[in-house]
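# Next come a sequence and a model predicted from it.
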Amino acid sequence: MAIRRLSPNTVNRIAAGEVIERPSSVVKELVENAIDAGARRIDIDFSGGGRNFIRVSDDGCGMSADDLDLAAERHATSKLADDDLVNIATLGFRGEALASIGAVARLKIVSRPHEGEAHEIRIDDGVKGKLRPAPRAPGSTIEVRDLFHAVPARLKFLRSERSEAAEASDIVKRLAMAHPAIAFSLTAGERRLYDFAARPGDDGLSRRVAEVMGRDFAENSLALDAMREGVRLEGFVGLPTVSRPTTAMQYVFVNGRAVRDKLTAGAIRGAYADVMARARHPMLTLFLTVPANDLDVNVHPAKTEVRFRDPGLVRGLIVGAIRERLAEPGQKAAPAAAAGVMAAAMPGWRHESGWRPAPPRPVAAAFAGFEAPSADASAHQAPVIDALIDRPLGAARAQLHENYIIAQTRDGLVIVDQHAAHERLVYEKMKDARARGEAAAQPLLVPEVVELDASAVERLLDHAEALSRIGLALEGFGPGAVVVREVPAVLAGAEVADLVRDVADDIAEHGSGLALGERMDHVLATMACHGSVRSGRRLKPDEMNRLLRDMEQNPNAGQCNHGRPTFIELKLADVERLFGRK
């Protein structure tokens, strides 16, 4: 078969498939063009999930008649004046978007520069019409109708209208967060989904993030600002106890561009690995500023992927900055935990609102299992309570069901999960010892043989040297067993066989794709569970207070190794609401 050149229209449709994957791609490209045009307000309208109609209007610089006539040509752009693909300061630069949209839809562009007249041009299935005058204020309006009508096979691969609308909405949210000084509105049919006012000024970013991410995130997040070797990281990171089942509430921007990057996604997982349950994901928004010559944005026509010249630097910055911020003194369990208690007990209750609460549910059952102290113990406790009640976690008053410590503060009470709290403390102690190279080991009087399957033995022996550095000394004992000679001193008395089997399982789950240090952190977390105060153990008042004081000294004590809260604080006002006093 002879080789022939494809027709220009076919070439355009093929190329359009890379740039315009779905309606949200059209929204992204057109809104980015408006941002590059210096718009202060951008209005987006669509119907039919974007398949029927999309319109983007802005008050940007607009285009002259000559520029408008050229704008719909392939590889025509105003954004690379000197053909420099290294120092790219705009969101768009490839000159493909309008031509790609015009190749698969009916496209209409009306534009007017600030000094000049407005003109209109139409492109239908890649065929460009004549330029003609049109009424419009300075700026541009672009309308897209019947998307993919020229390539109906693509329509079969689109999702439902609701799903396509949600994807477009997410695109607008990302762009709105990255550019808080610009006002955005998004309307679907007759329904206004978003109307973000312009947020200029130093607090503009935080206000816009709160608008987009919601009040729950704003109340349970920490500001982030760090720099390393010319790369800056800003943003807001959610507390570990406020998480989601997917990564949908994670937003990452590089030089103002919304990206979906494997490197940054992996760094986020690593940063929260110690404090987040494995099936949960944090809420956050990160803004990376990278020198242009250290970044390649010309990776894919959709421009959602980037490459860093020094990926290790970027990953280290993200992991280190988030971990340090979460570990700062004064951080504790998220207020959302207490809000959940109140909402469960009182359906009408809302955090910090003026709503009248619904009638409280019976709460007497909550105190089942409470054991009152003796008279002598009560007398002894009185001076202790006076001395400790002003501490952040207060003074221990009782233990419920041999698992929960009840502490009294000056203006409320704290409920502590003793096992979860101690597990975190043991883990942090072991991590600190490993970092200093001082992990103490406890020799076993009688070395213990643990039987395992051959693959588990192999995994343990492959990591034997690293395990010995954290206090677990073992060696092979035939094809299906290991002999354990030492355990970490903080785990003395733990069930050795269970400990070793859990460590082997943990290495199997995290042994590939992670640096050795991260693998050992997972192992330490597993070990800590074996060395912590168990549920069901009765504690003395001094033991309970010692645990509370240790928690106050540890910035990560607000959540256990699996991301669950270790304590819940209820203010006295909330308790009184439970009993209808307020």
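Cool, the structure landed. The shown structure was predicted, so the numbers you read here are calculated from the model rather than taken from an experiment.
# Domains in this structure, by residue range?
Listed by automatic domain parsing, the domain ranges of the chain are 8-196, 214-326, 378-571.
# so how far is the longest one from its chain's centroid?
Taking CA atoms, centre = their mean, to the nearest Å, the mean C-alpha location of domain 378-571 is offset from the chain mean by 27 Å.
# Ok, the first one next?
On the basis of CA atoms, centre = their mean, domain 8-196 sits 29 Å off its chain's mean C-alpha point.
# pLDDT wise, what is Val56 at?
pLDDT for Val56: 97.
# Oops, could you answer that again for Ala372 instead?
48.
# Show the contacting residues for Met430.
By CB atoms under 8 Å, 6 or more residues apart in numbering, the residues touching Met430 are Ala439, Ile470, Gly471, Pro488, Val490, Leu524, Met527, Ala528. For the C-beta atoms, the positions are set from N, CA and C on the backbone; glycine is no exception.
# Can you report phi and psi for the fourth one?
Note on Pro488: backbone dihedrals following degrees, to the nearest 10 are phi -60, psi 140.
# Report pLDDT for Asp146.
So, for Asp146, pLDDT stands at 92.
# Next: His179.
On pLDDT, His179 comes in at 94.
# Check whether it really touches Gly256, as I assumed.
Yes - His179 lies in contact with Gly256 (CB atoms under 8 Å); the separation is 7.0 Å.
# These two - which one has more neighbours?
His179 (25 against 16; other CB atoms under 10 Å).
# Now the more buried one: closest residue in space that isn't a chain neighbour?
Using CB to CB, 6 or more residues apart in numbering and skipping residues adjacent in sequence, the residue nearest His179 is Ile35, 5.8 Å away.
# Confidence-wise, which helix or strand of this structure is lowest on average?
Sorting the helices and strands of the chain by mean pLDDT, DSSP states H and E puts helix 335-345 at the bottom, at a mean of 56.
# From the structure, what's the count of residues near the residue nearest to His179?
Neighbours of Ile35 (other CB under 10 Å): 21.
# same thing with Gly48?
17.
# Equivalent analysis for Ala387, please.
When neighbours are defined as other CB under 10 Å, Ala387 has 11 of them.
# just checking, Arg549 touches Arg391?
Yes - Arg549 lies in contact with Arg391 (CB under 8 Å); the separation is 7.3 Å.
# shared neighbours of these two, which are they?
Here Arg549 and Arg391 have no joint contacts, going by CB under 8 Å, 6+ apart.
# Give me the phi and psi for Asp432.
Dihedral pair for Asp432: phi -60, psi -40, per degrees, to the nearest 10.
# same thing with Asn52?
The phi and psi values for Asn52, taken as degrees, to the nearest 10, are phi -80, psi -40.
# got the contact list for the longest strand along the chain?
The residue-count maximum for a strand in the chain (DSSP state E) belongs to strand 441-451. Residues outside strand 441-451 that contact it (CB under 8 Å, 6+ apart): 471-474, 477, 480-489, 491-492, 496-497, 500-501.
# That one - which strands sit beside it in the sheet, and in what orientation?
Strand pairing for strand 441-451, using DSSP bridges, gives strand 481-488 (antiparallel).
# For Ala134, which residues are in contact?
Counting by CB under 8 Å, 6+ apart, Ala134 touches Val110, Ala118, His119, Glu120.
# run the last query once more with 6 Å
By CB atoms under 6 Å, 6 or more residues apart in numbering, Ala134 lies in contact with Val110, Ala118, Glu120.
# Quick check: the gap between it and Leu68.
10 Å (CB to CB, to the nearest Å).
# With Val259 instead?
Counting by CB to CB, the gap between Val259 and Leu68 amounts to 30 Å.
# before we move on, what about Ser57?
Separation of Ser57 from Leu68 (CB to CB) stands at 15 Å.
# Surely Pro311 and Leu263 touch.
Yes - here Pro311 reaches Leu263: they are 5.3 Å apart, a contact under CB atoms under 6 Å.
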